[in-house]
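K.L.:
Give me the fold of what follows.
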Amino acid sequence: MKAVIVLLEDTGERVIPEFMDPMNNLLLEHIARYQFALSYVHGRVLDLSCGAGYGTHMMAKKAKNNVDEVVGIDIDPDVIKYARGKYYHPKSTFLVKNATDETLPQELGTFDVIVSFETIEHIEEEEKLLSNYYNLLKDGGTLIVSTPFGEGRGKPCGSPFHVHQLTPAEFRDLFSDYPNKEFYYQNGVLIEPPREGVYYPLGIAVCKK
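P.N.:
Down below sits the predicted model:
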């Protein structure tokens, strides 16, 4: 319990369902993204920057007939310790890893599906993260990435936890190496293709290698 309290106090963006109101908007939005991903997950799955592990567990449990393994990684040892204690499933594994570590493809191998929600905005070494997305993904594999929108690369944003927040155009430009890609947009729990004149605070890219 003490470790969890420390997590909540020290990391203001951590989503830990058992310590949140079930109707908390942040929690519902995060769960909606994993629900969206469920129709894509199969084979070997990586949850890159898995946080407290509820999404990794959700994919392992809900898609158990389609997945061989779901690996959740996060840079924070305390949150991985929490995930291991809270979210056991025979098809899931939690590891302490840095998302920008260039040795990840050698250490972890490749995956059929990579899910990486709310990661890019925290990363200064963006090119290393993008390289890992590509190199960790099997040929023909699917990458699903989300990020909140803001004023753009290198510009201050309202969150003390974010390096910056990309514009929608900057976000789309990240995935030029992928021959097939689709973009969806989220407002609350609603995730849909863009509609003209509708404001969306967050984008989701689904890319095929």
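
K.L.:
from here on, contacts and neighbour counts on C-alpha atoms
P.N.:
Noted.

K.L.:
The residue nearest to residue 122 when sequence neighbours are not counted: what's it in contact with?
P.N.:
Leaving aside its sequence neighbours, residue 122 sits nearest to residue 162 (Cα to Cα, 6 or more residues apart in numbering; 4.8 Å). Residue 162 makes contacts with 121-123, as judged by Cα atoms under 8 Å, 6 or more residues apart in numbering.

K.L.:
and with 10 Å instead?
P.N.:
The contact partners of residue 162, by Cα atoms under 10 Å, 6 or more residues apart in numbering, come to 118-124, 148, 156.

K.L.:
Going by distance to residue 177, which of those residues wins?
P.N.:
residue 120 (16.8 Å; Cα to Cα).

K.L.:
ok, the closest one - contacts?
P.N.:
49, 99, 126, 129-130, 145-148, 162-166, 171.

K.L.:
at 8 Å instead, please
P.N.:
126, 129, 147.

K.L.:
Return the distance of it relative to residue 24.
P.N.:
23 Å (Cα to Cα, to the nearest Å).

K.L.:
Give the helix, strand or coil label for the nearest residue in space to residue 94 that is not next to it in sequence.
P.N.:
Nearest residue to residue 94, sequence neighbours excluded (Cα to Cα, 6+ apart): residue 72, at 4.7 Å. Using DSSP: H, G, I helix; E, B strand; the rest coil, the structure places residue 72 in strand.
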